[in-house]
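1. Predicted model and sequence below, questions to follow.
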Amino acid sequence: MSDEHFCTCTDLECPLNPNSPGCRHSTCDRCIRKCLKAGEIPSCFFKAVHDDTSGNDDWTYRGFLGWVTCHLE
């Protein structure tokens with residue numbers, strides 16, 4: 001079993017993204033904590049359903065439900 005970090009986030013502008021050049025953390029923990037506190041779902045889950053999230057502005061659980069409903073038909 002590998003201990004290598006796994007992250008699918010492509011938003012390199014986000015300071016919580018462990019793949020971002022300026023980030024000194026190697027896990028998604030800070031992103032998950034922020035999302036849980038805000039009642040949101042991380043953008044990587046939205047991108048798993050549909051790559052282009054540029055039109056989305058609702059990262060909440062309800063927003064994710066709408067995203068899945070819209071893109072998995």
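-> Received, thanks.
2. Leaving out chain neighbours, which residue sits closest to Thr53?
-> Computed as CB to CB, 6 or more residues apart in numbering, the closest residue to Thr53 that is not its neighbour in sequence is Phe46, at 5.0 Å. In this view, the C-beta of every residue, glycine as well, is placed from N, C-alpha and C.
3. so what secondary structure elements neighbour the helix or strand hosting that neighbour?
-> Phe46 is part of helix 43-49, with elements assigned from DSSP states H and E. Where contact means 3 or more CB pairs under 8 Å, 6 or more residues apart in numbering; DSSP states H and E, helix 43-49 is packed against helix 61-71.
4. Quick one: residues in contact with the helix it packs on.
-> Contacts to helix 61-71, defined as CB atoms under 8 Å, 6 or more residues apart in numbering, come from residues Gly39, Glu40, Ile41, Phe45, Phe46, Val49, His50, Asn56, Asp58.
5. rerun at 6 Å
-> For helix 61-71, the surrounding residues in contact (CB atoms under 6 Å, 6 or more residues apart in numbering) are Ile41, Phe46, Val49, His50.
6. Same check on stretch 23-43?
-> His5, Cys7, Leu16, Pro18, Trp59, Thr60, Phe64.
7. Buried subset of those residues as a PyMOL selection?
-> Here is the PyMOL command that selects the buried residues among those (16 or more other CB atoms under 10 Å):
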select buried, resi 16+18+59+64
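8. Output the contacts of stretch 23-43 in TSV, with pLDDT appended to each entry.
-> Shown next, in TSV, are the contacts of stretch 23-43 (pLDDT from 0 to 100):
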residue	pLDDT
His5	67
Cys7	77
Leu16	83
Pro18	82
Trp59	96
Thr60	98
Phe64	97
